[in-house]
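Trainee: quick check, what structure comes out for this input:
(one chain, ligands or ions: 2)
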Amino acid sequence: MTINITDLSAIRSGRTILHPTSLTLAPGERVGLVGASGSGKSTLGHALVDALRAQGRMVAHVPQSPDEALDPLRSMGFHWREAERALGASPDPAERDAIFAALRIDGGDLRKRPWNWSRGMQQRFVIAMALIGKPLLIVLDEPTSALDPVVAANTMELLDTYLSNRRTACLLITHDLGLAARRVERLMVMDGGRIVEDTPTVRLLDAPRTQAARALCAHRNWLALPC
Ligand SMILES: Nc1ncnc2c1ncn2[C@@H]1O[C@H](COP(=O)(O)OP(=O)(O)OP(=O)(O)O)[C@@H](O)[C@H]1O
Ligand SMILES: [Mg+2]
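Mentor: Ligands and ions are numbered 1, 2, ... in the order given. I've put the predicted structure just below:
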């Protein structure tokens, strides 16, 4: 199903941090949301997730910080069961073990609280929770920021495989244009709480129109990075 959301906006402390924004994502489409720090990417991600959930749609969200997704008072097993329930999936320990093995968190103790897991393991656990079921959309906000480059690359590969088997659309939020360029066919550039460019990835890299996109493209050393 095509995702069509109009007039997302956000005001914090009397300041507009997200100007009215409309978005369309085709079924299974992968879109990158890039922009400088503070441009409003996470705000837009949250607003999109909230709006779709308010419509009763199933949306997976990997927030920028695992702290936003994990309650320090609850065990990791509790979080997993809650995620299964929220995403309408029946418990499937074999599937869970396969996802954990692929993300290399199979050594994590589900009886423990989040703070007994390393930051990188927490981040992968939150990604694993987003892979339960078949949501309409998965929003990934800097999903590999706490991971070393090899684990980050493997995690992105796993996400690619997951997405290629489903009609789930994906919004990949990152300030890393290199990562986005490898993973998505379409890029949106944010600047000052607005989407200032929305174009096929290849075209953006070849001919960025806006100052914000040109600034991101100017750092071309990202081509050598593994993920
Ligand atoms: N709760 C809040 N109260 C006040 N200002 C906020 C709040 N949340 C976000 N902002 C401001 O809104 C702007 C956009 O923030 P946001 O976190 O969406 O940016 P971002 O593009 O995700 O940045 P980053 O790349 O650093 O994650 C920033 O200037 C931020 O300071
Ligand atoms: Mg952010």
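Trainee: what residues are up against P66?
Mentor: Counting by Cβ atoms under 8 Å, 6 or more residues apart in numbering, P66 touches 114, 119, 122-123, 125-126, 146. For the C-beta atoms, the positions are set from N, CA and C on the backbone; glycine is no exception.
Trainee: quick one: end-to-end distance for stretch 5-19.
Mentor: Taking Cα to Cα, to the nearest Å, the first and last residues of stretch 5-19 lie 14 Å apart.
Trainee: is any residue of that stretch near ligand 1?
Mentor: Yes. Using Cβ under 6 Å from any ligand atom, stretch 5-19 reaches ligand 1 at 12-13, 17.
Trainee: can you add secondary structure, neighbour count and pLDDT and give those residues back as TSV?
Mentor: Listed next are these as TSV, based on DSSP: H, G, I helix; E, B strand; the rest coil; neighbours: other Cβ atoms under 10 Å; pLDDT from 0 to 100:
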residue	secondary structure	neighbour count	pLDDT
R12	strand	9	94
S13	coil	5	94
I17	strand	18	97
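Trainee: where's the residue in the chain positioned nearest to ligand 2, which helix or strand?
Mentor: Nearest residue of the chain to ligand 2 (Cβ to the ion) works out as S42 at 3.1 Å. Here S42, judged by DSSP states H and E, is contained in helix 41-54.
Trainee: can you list contacts of the helix or strand that that helix is followed by?
Mentor: Downstream of helix 41-54, the next assigned helix or strand under DSSP H and E is strand 59-62. Contacts of strand 59-62 with the rest of the structure, by Cβ under 8 Å, 6+ apart, involve 45-46, 48-49, 52-53, 69, 87, 123, 126-127, 129-133, 135-141, 143, 168.
Trainee: in strands, which of these fall?
Mentor: 137-141 (DSSP state E).
Trainee: can you tell me which of the residues you listed are buried?
Mentor: Buried members of these, counted by 16 or more other Cβ atoms under 10 Å: 137-141.
Trainee: assumed S145 was part of a helix.
Mentor: No. Applying DSSP: H, G, I helix; E, B strand; the rest coil, one finds S145 to be coil, outside a helix.
Trainee: who touches it in this structure?
Mentor: Here S145 is in contact with 64, 123 (Cβ under 8 Å, 6+ apart).
Trainee: packing partners for the one helix or strand G120 maps to?
Mentor: Using DSSP H and E, G120 maps to helix 119-130. Counting contacts by 3 or more Cβ pairs under 8 Å, 6 or more residues apart in numbering; DSSP states H and E, helix 119-130 packs against strand 59-62, helix 76-86, helix 93-102, strand 137-141, helix 149-164.
Trainee: who wins for proximity to V196 among those?
Mentor: strand 137-141 (19.3 Å; Cβ to Cβ).
Trainee: just checking: what are the partner strands of the closest one?
Mentor: If you go by DSSP bridges, strand 137-141 pairs up with strand 59-62 (parallel), strand 169-173 (parallel).
Trainee: most remote residue from this protein's center?
Mentor: In the chain, the residue that sits farthest from the middle, by Cα atoms, centre = their mean, is G14; the gap is 27.3 Å.
Trainee: ligand 2 contacts on the protein?
Mentor: 41-42, 64 (Cβ under 5 Å from the ion).
Trainee: distance check, the residue positioned nearest the centre of the chain against ligand 1.
Mentor: The chain has L140 as the residue nearest its centroid, 0.4 Å off, counting by Cα atoms, centre = their mean. Distance from L140 to ligand 1, counting by Cβ to the nearest ligand atom, to the nearest Å: 13 Å.
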